[in-house]
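Participant: Predicted coordinates and the sequence they were generated for:
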Amino acid sequence: MVDVIIIGAGHNGLVASIVLARAGLDVLVLDHLPWPGGMAGWHVIGGEEVPIGAYVLGLIPNELINELGISIDHYRPDPIAVYVKDGELVRWWRDFNRRIDEFNRWGLGDELRSMWDEISKFHRALRNYLFRTEPPSREELLNDPVLGEFIRVRSRDFLGKYLPREFWDMFIFEPYLDQPAFMVGYYNPINDWYFPAKDGEVGMAVFARELYRAALRSGARVMLGLGVRKIVIEGRKIKGVLTDDGRFIESKAVLSTTSPVNTVLDLVGEEYFDENITNRLRSITVGGAYRVALVSNGAIRLRGELDRYRDSILQLPFGETIIHGNYLIVTGLPTRDELENYVVINWDEVKAFEILTPQDYEKIFRVAGGNLNHLPMFEEFLFDRRPVPGWGYTTPIKGLYIGGAGTWPGGQVTGIPGYNAARKILKDWSKLSD
Ligand SMILES: Cc1cc2nc3c(=O)[nH]c(=O)nc-3n(C[C@H](O)[C@H](O)[C@H](O)COP(=O)(O)OP(=O)(O)OC[C@H]3O[C@@H](n4cnc5c(N)ncnc54)[C@H](O)[C@@H]3O)c2cc1C
């Protein structure tokens, strides 16, 4: 009998495994994929370790990284990001005053300063609510003098107060414009994005590998390449899991870090839940991302002035683009011509070219809609409504917990859902181990 089975060796599953194993529990992490880190992991194409999903960090608090006992460097190119606006470059410099100067080219330096002040206040206020075993309710956050405003005001109105429309894409993706400005705050870390690095290696694989090693050091067992077919329940209580190869593993608790949609509808089965819950989760239609990856024999170059900023996060009209040495990834689906407008590609040198669709992501990660946040980050699924009002990290099944991107505070690489879910299990442990 295992104490806790964790479904998913994504970053949240690994974070949870560290917290639980350090507390002395017997922890087994299962993932059908051969790599650790889930969407924050990597796969090898054309001989290079290329991120399969996430490529930059910024939302995972440094205190959490330290507490987990992993050590990574922050590689921050300068400028961190470059945005192409009507053929002109807008550079997001590391130095704040330089950013203000950059925006002053359009006479918008003061506006940027005021907006960034508000975003900084947002993050200071948010810290009080992040590490909670019971997610904050919308009402509680509405009562917060800073966060309340970020919930009442829409992203488009918040951004529109400071900047003209053509600058908004720098701060938020289009689908969030009609969502609370909370999303602008969430997606714009004050300490900025960075690439994880260690011993001269730069890339998401560094982070995933470090986290995986920390999980093993903590005493957790991590089995890659072995998925879960079913969560087994008896009398509304967890019994264990059935693996893809037909083995039953008994456990006192199960923590699922895959999408709550898949957890409820596929792994448990809708017969265990009220119809309004299954309907709510079934109704989610928002899809995932496209990803284009290209690996070349030689260094990849950009056209014109952009080539000076090859290491930066490049916000090109067709999607965010990253170049590390010999590989390029785009989160988007550019045509060959669109790509070649910005990137010098010698097709004879190209060793590997890959396109991943939302359907591919759905299949690879077994996540509904291939959704990179597991659930939409829309108002209906924010705060204590993520995934279902009143659940938090628990479910109506005794011993079944959830703790991936589909729980508070939400998607992206934050580590917080996994951390909070593990702490919730520890809090409940005396009741679970009866
Ligand atoms: C293209 C793309 C670009 C992104 N870019 C960024 C970025 O730059 N920065 C950022 O912060 N975020 C980014 N994200 C989002 C971020 O990667 C995810 O939100 C985050 O990694 C989710 O972490 P998680 O641990 O909650 O879930 P996942 O990483 O999805 O982990 C869940 C794990 O569960 C496993 N699993 C599912 N079903 C089963 C089963 N039945 N049995 C066993 N295992 C199972 C899956 O294989 C997976 O490994 C991006 C995502 C994508 C797809």
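Facilitator: Here it is on my side, so go on. Residues are numbered from 1 along each chain as shown.

Participant: okay, CA-based contacts and neighbour counts for the rest of this
Facilitator: Noted.

Participant: where does stretch 199-218 sit relative to the chain's centre, distance-wise?
Facilitator: The chain centroid and the centroid of stretch 199-218 are separated by 16 Å under CA atoms, centre = their mean, to the nearest Å.

Participant: what about it and the ligand, touching?
Facilitator: No: residues of stretch 199-218 are not located near the ligand by CA under 6 Å from any ligand atom, the shortest gap being 8.7 Å.

Participant: buried residues in that stretch?
Facilitator: 202-216, 218 (16 or more other CA atoms under 10 Å).

Participant: Export only the CA atoms of it, formatted as PDB.
Facilitator: Written as PDB, here are the backbone C-alpha positions of stretch 199-218 (Å, rounded to 0.1, in the frame of the first residue of the first chain):
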ATOM      1  CA  ASP A 199      26.600  25.000 -15.900                       C
ATOM      2  CA  GLY A 200      26.400  26.700 -19.300                       C
ATOM      3  CA  GLU A 201      23.200  24.900 -20.300                       C
ATOM      4  CA  VAL A 202      20.200  27.100 -21.000                       C
ATOM      5  CA  GLY A 203      16.600  25.900 -21.400                       C
ATOM      6  CA  MET A 204      13.600  24.400 -19.800                       C
ATOM      7  CA  ALA A 205      15.200  21.000 -19.600                       C
ATOM      8  CA  VAL A 206      17.500  22.400 -16.900                       C
ATOM      9  CA  PHE A 207      14.500  23.200 -14.700                       C
ATOM     10  CA  ALA A 208      12.600  19.900 -15.400                       C
ATOM     11  CA  ARG A 209      15.800  17.800 -14.700                       C
ATOM     12  CA  GLU A 210      16.600  19.700 -11.500                       C
ATOM     13  CA  LEU A 211      13.000  19.300 -10.200                       C
ATOM     14  CA  TYR A 212      13.100  15.600 -11.100                       C
ATOM     15  CA  ARG A 213      16.400  15.100  -9.200                       C
ATOM     16  CA  ALA A 214      15.000  16.900  -6.200                       C
ATOM     17  CA  ALA A 215      11.900  14.600  -6.200                       C
ATOM     18  CA  LEU A 216      14.200  11.500  -6.200                       C
ATOM     19  CA  ARG A 217      16.400  13.000  -3.500                       C
ATOM     20  CA  SER A 218      13.300  13.600  -1.300                       C
END
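
Participant: quick check, nearest of the buried residues of stretch 199-218 to Gln179?
Facilitator: For the buried residues of stretch 199-218, the closest approach to Gln179 (CA to CA) belongs to Met204, at 28.9 Å.

Participant: residue contacts, that closest one?
Facilitator: 40-42, 51, 54-56, 195-196 (CA atoms under 8 Å, 6 or more residues apart in numbering).

Participant: How much space separates it from Ala54?
Facilitator: When distance is defined by CA to CA, to the nearest Å, Met204 is 7 Å away from Ala54.

Participant: Could you measure from the closest residue to Thr394 other than its chain neighbours over to the ligand?
Facilitator: Excluding the flanking residues, the one nearest Thr394 by CA to CA, 6 or more residues apart in numbering is Tyr401, at 4.6 Å. Per CA to the nearest ligand atom, to the nearest Å, Tyr401 is found 13 Å from the ligand.

Participant: do Ala54 as well
Facilitator: For Ala54, the distance to the ligand - CA to the nearest ligand atom - is 3 Å.

Participant: who are the neighbours in contact with that residue?
Facilitator: Counting by CA under 8 Å, 6+ apart, Ala54 has contacts 39-41, 204, 412-413.

Participant: same thing with Asp192?
Facilitator: Shown in contact with Asp192 (CA under 8 Å, 6+ apart): Gly58.

Participant: tell me the secondary structure for it?
Facilitator: coil (DSSP: H, G, I helix; E, B strand; the rest coil).

Participant: And for the residue lying closest to Glu250 once chain neighbours are set aside, the neighbour number?
Facilitator: Nearest non-adjacent residue to Glu250, counting by CA to CA, 6+ apart: Gly240, 4.1 Å away. Using other CA atoms under 10 Å, Gly240 has 25 neighbouring residues.

Participant: swap in the one 10 residues further on?
Facilitator: For Glu250, the count of nearby residues is 18 (other CA under 10 Å).

Participant: Thank you, goodbye.
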